[in-house]
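**Student:** predicted structure and sequence below. I'll ask about it afterward.
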Amino acid sequence: MIIINDLAFGYASHKVLSIPQLQVEEGKHLLILGASGSGKTTLLHILGGLLAPQEGTVRIGQTDLYRLSGAQRDKYRGQNIGLIFQKAHLISALSVQDNLLLAQYLAGMAQDRGRVKEVLTSLGLADKLYKKVKALSQGEQQRVTIARALLNRPRVILADEPTASLDDTNAHKVIDLLKSQAEQNNASLLIATHDQRVKDQFELQLNLATL
């Protein structure tokens, strides 16, 4: 479960975010809507432990995220939160397998080649295990980032504009893929987007423009 209370973030006199209360039950999906500059990415970064709020609390389960030290938060993120950014942030010179093994290493977890292969297979990438990332298509790289986010069986999956550069067919495929993968792991899925095409696929929505 994710619980936000009295969250506020801004720069100088400019308020970026103000969320009095938000609760997302375990295994539920939330679509975060809003135009560019409305604070969607900022909220994901706060939920992911990357950006401390100026006010308020963020809890995931029993963990108060910003009562952890920076090192503790990094470890918690690696083990419990899957992040999917707009850009892949993969190491292009490494193989797909080595990128995922590195993610396990940085999270302080055992490097599990069996788990790597399992996740890649579920995303239709089993034949790309030893391919260099730079040899993959953009769509394949996107699926590798999803694989990396799912690798450690996170409790929370955060995706920032995952459909922004996709046509209608592939946009719906990616959303379906994220939802099905989250459900397999009983993870909460939060997607930040300004893409109105995916609105009908989410019962629970937060529109930052109305806050």
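**Tutor:** Arrived safely, thanks for sending. What you are looking at is a predicted structure, and each value in this text was computed from that prediction instead of being measured.

**Student:** just the CA atoms of the lowest-mean-pLDDT helix or strand in the chain, as CSV, please.
**Tutor:** One helix or strand of the chain scores below all others by mean pLDDT, DSSP states H and E: helix 168-184, with a mean of 85. Below are the C-alpha coordinates for helix 168-184, written out as CSV (Å, rounded to 0.1, in the frame of the first residue of the first chain):
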residue,chain,number,x,y,z
ASP,A,168,-2.0,3.7,-30.9
THR,A,169,-1.6,-0.1,-31.3
ASN,A,170,1.8,-0.2,-29.5
ALA,A,171,0.7,2.2,-26.8
HIS,A,172,-2.1,-0.1,-25.8
LYS,A,173,0.2,-3.1,-26.0
VAL,A,174,2.7,-1.5,-23.6
ILE,A,175,-0.1,-0.6,-21.1
ASP,A,176,-1.5,-4.1,-21.3
LEU,A,177,2.0,-5.5,-20.8
LEU,A,178,2.7,-3.3,-17.7
LYS,A,179,-0.7,-4.2,-16.2
SER,A,180,-0.3,-7.9,-16.7
GLN,A,181,3.3,-8.0,-15.4
ALA,A,182,2.2,-6.0,-12.3
GLU,A,183,-0.7,-8.4,-11.7
GLN,A,184,1.7,-11.4,-11.9
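
**Student:** return the set of buried residues in it.
**Tutor:** 171-172, 174-175, 177-179, 181-182 (16 or more other C-beta atoms under 10 Å). C-beta: built from backbone N, CA, C; applies to glycine.

**Student:** do stretch 8-23 as well
**Tutor:** Buried residues in stretch 8-23, counted by 16+ other C-beta under 10 Å: 9, 16-17, 19, 22.
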